[in-house]
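S.K.: just a sequence and a predicted model for now, questions to come.
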Amino acid sequence: MPARTPKRVPNTDTPPEQPSHAPLQPTEGPRITVFDYSEQDCREWHPTSSLECVPPPDTISVRWINVDGIFDTRLVEEIGTRFGLSPLTIEDITTKDQQPKAEIHPEHGIIVVRMFRFAGLNHEIITEQVSIVFGPKFVLTFQEIEGDVFDPVRRRILDAGGRIRKGGSDYLAYSLVDVIVDYYFVILDEMSNMIETAQERLITNPSGDVLREIYQIKRRVLELRRYTWPAREVVLRMEREGGQLFKKTTLPYLRDLYDHIIQVTDHIEIHREWLSSMLDIYLSSVTNRLNEVIKVLTVVSTIAIPPTLIGSWYGMNFKFMPELNNYYFYPVLMIVTAAISVAMLLMFRRRQWI
């Protein structure tokens, strides 16, 4: 089922440095979750206000602050100000439906990516923008709504022996982007199953419902392609320009992440070609079915021509037609007419036209 992504409504009355967002509001208020961890200790807690969201003390290796709900621009501004974010960075966070990008500043870096995931009992595919801001000893993540694909990262943080507890904020930022990219493969696998199901239906019954299903899948694939192709440049820029924020030990992971996003884009192109070939199959199937119908109608019309010609010939009002006075003429004429039709039918079968 296609995702329902609300469209961005730009606010042209505000200056560039003032945050803006689409008018769609979530049903619940924003939710803040904080992970404070070091190699020896880990703590998860939920602040009641932005006043508690401050840079971590020296006893903490990394503080990860996750905010679900960017509609509360005041909250985002308050948290961003406490971590020294510029107004333009805050605007990037609160402005929805942006293309993926990465910006490296002297004190922090910002990564904007698109997250795809399943939600609901029907496994509906939804998409939202995720902004990741990281600097020395802190990582800030801002999401549109509650719910994400970061549970594997949270479990690795809670695992005392995990590698993520030994790494810094740069490794956490990489891990968050990596799990988003890994979930692209999950979405692509689900799309592959949908395409296979549609293909089976297409072969057995190329109906209009199947065609609409193919177009829905193709629209989803194009949307995924729209956000994954720029993500390649995001990862590449993180590797090339993030030397001041990423440690040398993290750079090999970024190169591996770049390989993953390349695989994702390759799979998307394969899905596009697959869907295009299915559209060709649909058109060919419809054309062949129409040709079969026309062939049957043509054969029926051709077989009906001799009886029609004979009937029209003897339906003329000529005064002198001697054979009409013959007692056996009518049954002979019926037999001759039927013999001609049967002979034509046998000839069509012999030529494999029917």
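M.R.: Structure received.

S.K.: switch to C-alpha atoms for all contacts and neighbour counts from now on
M.R.: Fine.

S.K.: give the buried residues for the host helix or strand of S192.
M.R.: Following DSSP states H and E, one finds S192 within helix 169-204. By neighbour count with 16 or more other C-alpha atoms under 10 Å, helix 169-204 contains the buried residues 169-185, 187-188, 191-192, 195, 198-199, 202.

S.K.: quick one: list the elements packing against it.
M.R.: Judged by 3 or more C-alpha pairs under 8 Å, 6 or more residues apart in numbering; DSSP states H and E, the packing partners of helix 169-204 are strand 109-119, strand 124-135, strand 138-143, helix 151-158, helix 208-241, helix 251-313.

S.K.: and the next element down the chain from the longest one?
M.R.: Scanning the chain past helix 251-313 towards its C-terminal end, the next helix or strand to appear is helix 329-350 (assignment: DSSP H and E).

S.K.: what angle sits between that following helix and helix 251-313?
M.R.: Calculated by axes from the mean of the first three to the mean of the last three C-alpha atoms, to 10 degrees, helix 329-350 forms an angle of 160 degrees with helix 251-313.

S.K.: got a list of contacts for helix 329-350?
M.R.: 303-304, 306-307, 310, 323-324, 354 (C-alpha atoms under 8 Å, 6 or more residues apart in numbering).

S.K.: quick check: mean pLDDT of it?
M.R.: The average pLDDT for helix 329-350 rounds to 87.

S.K.: give me the buried positions along that helix.
M.R.: Buried residues in helix 329-350 (16+ other C-alpha under 10 Å): 337, 340-341, 344-345.

S.K.: next, the angle from the helix holding S192 to helix 251-313.
M.R.: Computed by the same axes, to 10 degrees, the angle separating helix 169-204 from helix 251-313 equals 10 degrees.

S.K.: low-confidence ranges in the stretch 51-200 of the chain?
M.R.: 120-122 (pLDDT under 70).

S.K.: which ones are touching the closest residue to V296 other than its chain neighbours?
M.R.: Distances taken as C-alpha to C-alpha, 6 or more residues apart in numbering put I354 closest to V296, at 7.6 Å, once the chain neighbours are dropped. Residues near I354 by C-alpha under 8 Å, 6+ apart: 295-296, 348.

S.K.: can I get those residues in a markdown table including distance to P230?
M.R.: Converted to a markdown table, the contacts of I354 look like this (distance: C-alpha to C-alpha, whole Å):
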| residue | distance to P230 |
| --- | --- |
| K295 | 51 |
| V296 | 53 |
| F348 | 60 |
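
S.K.: between the buried residues of helix 329-350, which is nearest G84?
M.R.: L345 (88.0 Å; C-alpha to C-alpha).

S.K.: for V332, see how far away the closest one is.
M.R.: Taking C-alpha to C-alpha, to the nearest Å as the measure, L345 falls 20 Å from V332.

S.K.: check P152 too.
M.R.: Separation of P152 from V332 (C-alpha to C-alpha): 88 Å.

S.K.: same question, I195
M.R.: Distance from I195 to V332, by C-alpha to C-alpha: 61 Å.

S.K.: ok, D178 next?
M.R.: On the measure of C-alpha to C-alpha, D178 and V332 end up 87 Å apart.

S.K.: and if you look at V54?
M.R.: V54 sits 107 Å away from V332, going by C-alpha to C-alpha.

S.K.: how about G69?
M.R.: Distance of G69 to V332, given as C-alpha to C-alpha: 90 Å.

S.K.: just V177 next, same as before
M.R.: V177 is 88 Å from V332, by C-alpha to C-alpha.

S.K.: check P30 too.
M.R.: In terms of C-alpha to C-alpha, P30 sits 93 Å off from V332.

S.K.: equivalent analysis for E39, please.
M.R.: Counting by C-alpha to C-alpha, the separation of E39 from V332 is 106 Å.

S.K.: with D72 instead?
M.R.: 94 Å.

S.K.: show me how the record splits this structure into domains.
M.R.: According to automatic domain parsing, the chain comprises the domains 31-284, 314-350.

S.K.: chain center to the last one, what's the gap?
M.R.: With C-alpha atoms, centre = their mean, to the nearest Å as the basis, domain 314-350 stands 66 Å off its chain's centre.

S.K.: can you get me the start-to-end distance on stretch 68-76?
M.R.: Rule used - C-alpha to C-alpha; the end-to-end distance of stretch 68-76 is 10 Å.

S.K.: buried residues, it. List them.
M.R.: Judged by neighbour count using 16+ other C-alpha under 10 Å, the buried positions of stretch 68-76 are 68-71, 73, 75-76.

S.K.: just flag the most distant two among the residues you listed.
M.R.: Greatest spatial distance among the buried residues of stretch 68-76 (C-alpha to C-alpha): D68 and T73, at 11.9 Å.

S.K.: residues in contact with I261?
M.R.: So I261 contacts 181, 228, 231-232 (C-alpha under 8 Å, 6+ apart).

S.K.: one more time with 7 Å
M.R.: 181, 232 (C-alpha atoms under 7 Å, 6 or more residues apart in numbering).
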